[in-house]
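> no FASTA, just this:
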């Protein structure tokens, strides 16, 4: 074969490969917030890329969901809802399309019934689709239908939606609390795993888990205080003024703390500044107590060293790189142990044990700043 012919054949092969790559290439998949949050500009750019991809290659459920997620995270809710609706129109029995569209509908309280309809349909088709189940739990909570939410929480546990590290973290949040305590949580990762554990394992159901954001919703607050009358604060919980309704949780929590009918705890992930509270609460393990008799620093430290399930925080078999946000959860272990180790009331042996355990987790997850802090404390 002549050199000229070989060059021609080589060019044809290269063009074929390049053509195949162009024909099948698609933008980066939009990572979920629980996997890897991006800044808003990145989501805006991903939305442009997925829109251009769809215009060139046509609609598909995968492309529309990615487009919808990019719109959602860049706060273009109407556009996200349109993408989700179109995905359902293309494949009415696709559980992922149903779940995404329902999640967008659930953002509008007036569309809660429609959202639940799609979520229940997704659940029937794919009983182990975690995102649909979690969204369904939240939808029932928003409507004040606590028993239905409990049933979905049991399903979440039975379907093993949460990994061992997150399940253990939920266990540790609950296990050290006094009987009948209230635990105020912040987001999905510190709210739904404890609820699933309570219902699935019948574990620490005496603890009342309350999401601070949902407490702003009238139906949720009313149902909660009807189920647990002992924690109902005095005064009216219904605020007719819309601006005041948005701060209902702050007002209700302040009343609950001041009246001190039950011990009130906050998960360490709660942003106290957002609530208008200071940092005066006392650290007990993975939670902060607002009032009443506290555990000593030594007793609190023993939770980490003797009571909590901590092995999964350094589990080599778990794919941590797929969910970087879970590493942030493990950071709570390290920061809490560092804080307790600096308390003047802990013994030297307990301080050493806390710092060694904190270093083990910090090194495993390459928390370099915290590693440096632990080394400095060890030298003192």
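Arrived safely, thanks for sending. Quick caveat, the model's predicted, so the values are computed rather than measured. Numbering: from 1, shown residues only.

> since we're on residue 376, how many residues are nearby?
Residue 376: 9 surrounding residues under other Cβ atoms under 10 Å. Just so you know, the C-beta spots here come from the backbone N, C-alpha and C atoms, and that holds for glycine as well.

> what separates it from residue 230, distance-wise?
45 Å (Cβ to Cβ, to the nearest Å).

> cool, and residue 163?
Remark: distance between residue 163 and residue 230 (Cβ to Cβ) = 34 Å.

> tell me the secondary structure for residue 265?
Following DSSP: H, G, I helix; E, B strand; the rest coil, the label given to residue 265 is strand.

> That one contacts residue 177, correct?
Yes. Because the distance of 6.2 Å satisfies Cβ atoms under 8 Å, residue 265 is recorded as touching residue 177.

> out of the two, which sits in the more crowded spot?
Taking neighbours as other Cβ under 10 Å, residue 265 and residue 177 compare with residue 265 leading, 28 against 21.

> ok, now which ones touch that one?
Contact analysis of residue 265 by Cβ atoms under 8 Å, 6 or more residues apart in numbering lists 177, 181, 182, 183, 184, 284, 287, 288, 289, 290.

> And for residue 159?
127, 128, 130, 133.

> Quick check: phi and psi at it.
Main-chain dihedrals, residue 159, degrees, to the nearest 10: phi -80, psi 0.

> Then residue 88?
Main-chain torsions, residue 88, degrees, to the nearest 10: phi -70, psi -40.

> And the strands in the stretch 251-380 of the chain, which stretches?
Here the stretch 251-380 of the chain has its strands, by DSSP state E, counting those that start in this stretch, at 264-267, 282-284, 287-289.

> For beta bridges, what are the partners of residue 210?
Beta-bridge partners for residue 210, by DSSP bridges, are residue 184.

> and it, how many neighbours does it have?
Neighbours of residue 210 under the rule other Cβ under 10 Å: 22.

> Go ahead and confirm it touches residue 184.
Yes. Counting by Cβ under 8 Å, residue 184 is a contact partner of residue 210 at 5.4 Å.

> For residue 339, find the nearest of the strands of the stretch 251-380 of the chain.
Across these, residue 339 has its closest neighbour in strand 282-284 (5.8 Å, Cβ to Cβ).

> May I see the buried residues of the closest one?
For strand 282-284, a neighbour-count test (16 or more other Cβ atoms under 10 Å) marks 283, 284 as buried.

> can you give me the mean pLDDT across that strand?
What strand 282-284 shows for mean pLDDT is 90.

> List the contacts of it.
Outside strand 282-284, the residues within contact range by Cβ under 8 Å, 6+ apart are 176, 265, 268, 288, 289, 294, 295, 300, 303, 336, 339, 340.

> Now intersect those with the helices, please.
Members of those lying in helices (criterion: DSSP state H): 300, 336, 339, 340.

> In the stretch 251-380 of the chain, where is pLDDT below threshold?
For the stretch 251-380 of the chain, the stretches with pLDDT under 70 are 260, 273, 276, 278-280.

> thinking again about what came up before, more neighbours, residue 163 and residue 230?
Higher neighbour count among residue 163 and residue 230: residue 163, with 18 against 10, using other Cβ under 10 Å.

> What number of neighbouring residues does the nearest residue to the more buried one once chain neighbours are set aside come out with?
Once flanking residues are discounted, residue 163 sits nearest to residue 318: 6.4 Å by Cβ to Cβ, 6 or more residues apart in numbering. Residues near residue 318, counting by other Cβ under 10 Å, number 15.

> And for residue 353?
Using other Cβ under 10 Å: residue 353 sits among 19 other residues.

> And it, how far from residue 164?
Computed as Cβ to Cβ, the residue 353 to residue 164 distance reads 23 Å.

> hang on, residue 144 packs against residue 222?
Yes. With contact defined as Cβ under 8 Å, residue 144 reaches residue 222; the gap is 6.0 Å.

> other SSEs contacting the helix or strand harbouring residue 198?
Element membership for residue 198 (DSSP states H and E) is helix 188-201. Contacts defined by 3 or more Cβ pairs under 8 Å, 6 or more residues apart in numbering; DSSP states H and E place helix 188-201 against helix 130-142, helix 146-158, helix 164-175, strand 182-185, strand 208-211, helix 324-341.

> counting contacts, what elements does the fourth one pack onto?
Taking 3+ Cβ pairs under 8 Å, 6+ apart as the contact definition, the neighbouring helices and strands of strand 182-185 are helix 188-201, strand 208-211, strand 264-267.

> again, only using 7 Å
Applying 3 or more Cβ pairs under 7 Å, 6 or more residues apart in numbering; DSSP states H and E, we find strand 182-185 packed against strand 208-211, strand 264-267.

> try the third one
For helix 164-175, the contact count by 3+ Cβ pairs under 7 Å, 6+ apart identifies helix 188-201, helix 324-341 as packing neighbours.

> The last one too?
Counting by 3+ Cβ pairs under 7 Å, 6+ apart, the packing neighbours recorded for helix 324-341 are helix 164-175, strand 282-284, helix 297-302, helix 348-364, helix 368-379.

> Apply 8 Å and report the result again.
Where contact means 3+ Cβ pairs under 8 Å, 6+ apart, helix 324-341 is packed against helix 164-175, helix 188-201, strand 282-284, helix 297-302, helix 348-364, helix 368-379.

> Of all the ones you listed, which one is nearest residue 99?
Closest approach to residue 99 among those (Cβ to Cβ): helix 188-201, 14.4 Å.
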